[in-house]
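[1] predicted model follows, preceded by the sequence.
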Amino acid sequence: MSNRTPIGVERRMFLRCTGAIGAAAALTAGLSACGGPSSTTEGGAEKGSGDGTIEAGISYPLSTGFDPMITSGATPLAANLHVFEGLVDLDPATLEARPALATELPKKINATTYRATLREGATFHDGSPVTADDVVFSFERILDPENVSLMAQFLPFIDTVKAVDKGTVEFKLKYPFALFGSRISVARVVPKKIVEADIKAFDAKPVGSGPYKIVQATRENKIVFEAHDKYNGAHPAKAKKMVWRLIADPSARVSAMESGRVQVIEDVPYIDVSRLESKAKVESVQSFGLLFLMFNCAVKPFDDKRVRQALHHALDTEKIISTAMVGNAAAATGYLQSTHPDHHKASTGYSHDPDKARKLLSEAGAGKLSITVLTTDTGWVKDVAPLIKESFEAVGVRTKLSIAQSAAQYAKVDQGEFEVLVAPGDPSVFGNDVDLLLRWFYAGFWPEKRYGWGKSAEYKKVVSLLDKAAKQADSARRKELWGQVTDLLAEEVPLYPILHRKLPTAWDDKALSGFRPLPTTGVSFLDVGRA
């Protein structure tokens, strides 16, 4: 394809803008560096009362296009759940794998071969049939290194993809990968002829096979969807139309919910949860989404794990949760949140222990430490930052806060010009299996390029254990190996969670049927209708 190199160039430019090779950190920040403020002044037309229209208040800007191969913005990712299908998709609320374009989860032929059969009669929004050639094209464009696809890092085990016939696709793997069935959900199927004809037009106005199609997308205003009438899958549109209003300002979003202008808002400000409970259904769902503490392990004294451990012990996490987050988080007891089915309580814990923090700093020769802590300007993170400074200074660590947009902070990080970073992150928007969640922060780019841990023996051990677990067919043994990784990371803490946040969503349960709040950034209206 002649357009491959330009895609790669454009993607690299985008990464420079957003710092988005580590896009999960920016996802919960909405990637605001490349998007303008959302409109909050448009009138209340299309209110949706009795006309089959769902209206939602979305908190993050439309910061990228919709091409599912490369998009990393929170809003287009959520939109794509409705527009595209994979062979396998994840249930938005439970994150469990379920067949989508495939009639069932891919069938294992042998240790390195899988086959998937396509749903008969599936069509793209332009009316053309979904074929095995489209599936092969969709995977190959992700795997092509010239395309610099964000999704490629999640599919390193795939060797080849071929069409057996018009309705059957066969995968050959480089090595056995036990999580194949759920992991391929990261790949959305796109129409080959449309993408090849004009990739920029496709990115701006995507064409998929999902239950909804996008008919309008205005960066600082709204996204408008209509039902795909020829959709024949298990989750047809239950509303004729959706209007997602992009309302970045938290108070404006709350006002839109209170006035009835929208039936749902995501990312309810923690301070407004009680206020909205009298007018709407509000639920805070425990997520993997974490606030982490990351150190530049390539510079002293942060190359000494005792210093890293000391600053974790210095944190009064319970005060942070109760004061800044109004109780909407849980202190980390391991890398995964406690509600995750594969949660492992780490052998090393970090309770608030100022005396231990001082002792560790003294033993490491860092008793008079002075640091600059970079944080992102996400609303709730800005609320947390002063309490982190207070905790560090209480154990004698002079602390300066530097608060700025995510892209600016990651530009410093990627140049090695930082000491400590506090930031949000949530790779669970891509998948919920432990291998994916661990590899995001602990294999490849982050440890090797961001926090300077890639040359350590401990890093090599982490990667070795992850590789061993990925090839392990026995689920109990796999979980045991992941537990070993968690224990090692909890002791070393080059990057490690402080807490896992809850995500508050508000909705009008009298106006909507079937709505479920999500454990990840975004909203889903699959199987949701107007009551």
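    Yep, it's here.

[2] can you pull the buried residues of stretch 236-254?
    237-248, 250, 252-254 (16 or more other C-beta atoms under 10 Å). From N, CA and C alone the C-beta is placed, and that goes for glycine too.

[3] next up, the contacts around Val307.
    Contacts for Val307 (C-beta atoms under 8 Å, 6 or more residues apart in numbering) come out as Phe295, Pro301, Leu360, Leu361, Ala364, Ala366, Leu369.

[4] output the residues you listed as CSV; include the columns distance to Leu512, secondary structure and neighbour count.
    Below are the contacts of Val307 laid out as CSV (distance: C-beta to C-beta, whole Å; DSSP: H, G, I helix; E, B strand; the rest coil; neighbours: other C-beta atoms under 10 Å):
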residue, distance to Leu512, secondary structure, neighbour count
Phe295, 44, strand, 26
Pro301, 53, coil, 17
Leu360, 51, helix, 23
Leu361, 52, helix, 25
Ala364, 54, coil, 20
Ala366, 54, coil, 21
Leu369, 52, coil, 20
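
[5] next up, phi/psi of the residue most central in space within the chain, please.
    Against the mean C-alpha coordinate of the chain, by C-alpha atoms, centre = their mean, the closest residue is Val429 at 3.2 Å. Per-residue torsions, Val429: phi -60, psi -20 (degrees, to the nearest 10).

[6] tell me the pLDDT of the closest residue to it other than its chain neighbours.
    Nearest residue to Val429, sequence neighbours excluded (C-beta to C-beta, 6 or more residues apart in numbering): Thr520, at 4.9 Å. The model reports Thr520 with a pLDDT of 92.

[7] for Thr520, give me its contacts.
    Contacts of Thr520 (C-beta under 8 Å, 6+ apart): Pro92, Leu95, Ser287, Phe288, Gly289, Asp426, Ser428, Val429, Leu503.

[8] could I get these as a markdown table with pLDDT and distance to Val384?
    Shown next, in a markdown table, are those (pLDDT from 0 to 100; distance: C-beta to C-beta, whole Å):
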| residue | pLDDT | distance to Val384 |
| --- | --- | --- |
| Pro92 | 95 | 27 |
| Leu95 | 93 | 26 |
| Ser287 | 96 | 16 |
| Phe288 | 97 | 18 |
| Gly289 | 95 | 13 |
| Asp426 | 92 | 16 |
| Ser428 | 93 | 20 |
| Val429 | 89 | 21 |
| Leu503 | 95 | 16 |
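
[9] looking at the contacts of Val307, which is nearest Val420?
    Using C-beta to C-beta, Phe295 comes nearest to Val420 of the contacts of Val307, at 5.8 Å.

[10] what about the nearest residue to Glu448 once chain neighbours are set aside, how many residues close to it?
    Of all residues beyond its chain neighbours, the one nearest Glu448 is Gly454 (3.4 Å), with distances taken as C-beta to C-beta, 6+ apart. Neighbour count for Gly454, taken as other C-beta atoms under 10 Å: 19.

[11] hang on, Gly454 in a helix?
    No - read with DSSP: H, G, I helix; E, B strand; the rest coil, Gly454 is coil and lies in no helix.

[12] right, and it touches Pro447 too?
    Yes - the criterion here is C-beta atoms under 8 Å, and Gly454 meets it with Pro447 at 4.8 Å.

[13] shared neighbours of those two, anything?
    With C-beta under 8 Å, 6+ apart, Gly454 and Pro447 have no common neighbours.

[14] which positions within stretch 101-109 qualify as buried?
    Leu101, Ala102, Leu105, Pro106.

[15] kindly report the same for stretch 127-136.
    Val130, Thr131, Ala132, Asp134, Val135, Val136.

[16] quick revisit: hmm, Gly522 and the residue nearest to the centre of the chain touching each other?
    Yes - using C-beta under 8 Å, Val429 is in contact with Gly522, at 7.0 Å.

[17] name the residues contacting each of those two.
    Joint contacts of Val429 and Gly522 (C-beta under 8 Å, 6+ apart) are Ala74, Leu77.

[18] from Met69, how far out is the residue nearest to the centre of the chain?
    From Val429 over to Met69 the distance is 15 Å, taken as C-beta to C-beta, to the nearest Å.

[19] ditto for Ala476
    For Ala476, the distance to Met69 - C-beta to C-beta - is 35 Å.

[20] neighbour count winner among the two?
    Remark: of Ala476 and Met69, Met69 carries more neighbours, 22 against 7, as counted by other C-beta under 10 Å.

[21] tell me the secondary structure for Pro424?
    Using three-state DSSP, the secondary structure recorded for Pro424 is strand.

[22] give me the neighbour count for the closest residue to Pro354 other than its chain neighbours.
    Among residues not flanking Pro354 along the chain, Val395 sits closest, at 5.0 Å (C-beta to C-beta, 6+ apart). The tally of other residues near Val395 (other C-beta under 10 Å) stands at 22.

[23] before we move on, what about Ser464?
    Using other C-beta under 10 Å, Ser464 has 12 other residues around it.

[24] doesn't it belong to a strand?
    No - counting by three-state DSSP, Ser464 is not part of a strand but helix.

[25] pLDDT wise, what is it at?
    97.

[26] now swap in Thr64 and tell me
    The model's pLDDT for Thr64 equals 86.

[27] SS state for it?
    Applying three-state DSSP: Thr64 is coil.

[28] hang on, the earlier thing: for the buried residues of stretch 127-136, work out which two are farthest apart.
    Most distant of the buried residues of stretch 127-136, by C-beta to C-beta, are Val130 and Val136, 11.8 Å apart.

[29] ranges for the strands of the stretch 351-500 of the chain?
    With DSSP state E, counting those that start in this stretch as the criterion, the stretch 351-500 of the chain has strands at 370-376, 398-404, 420-425, 495-507.
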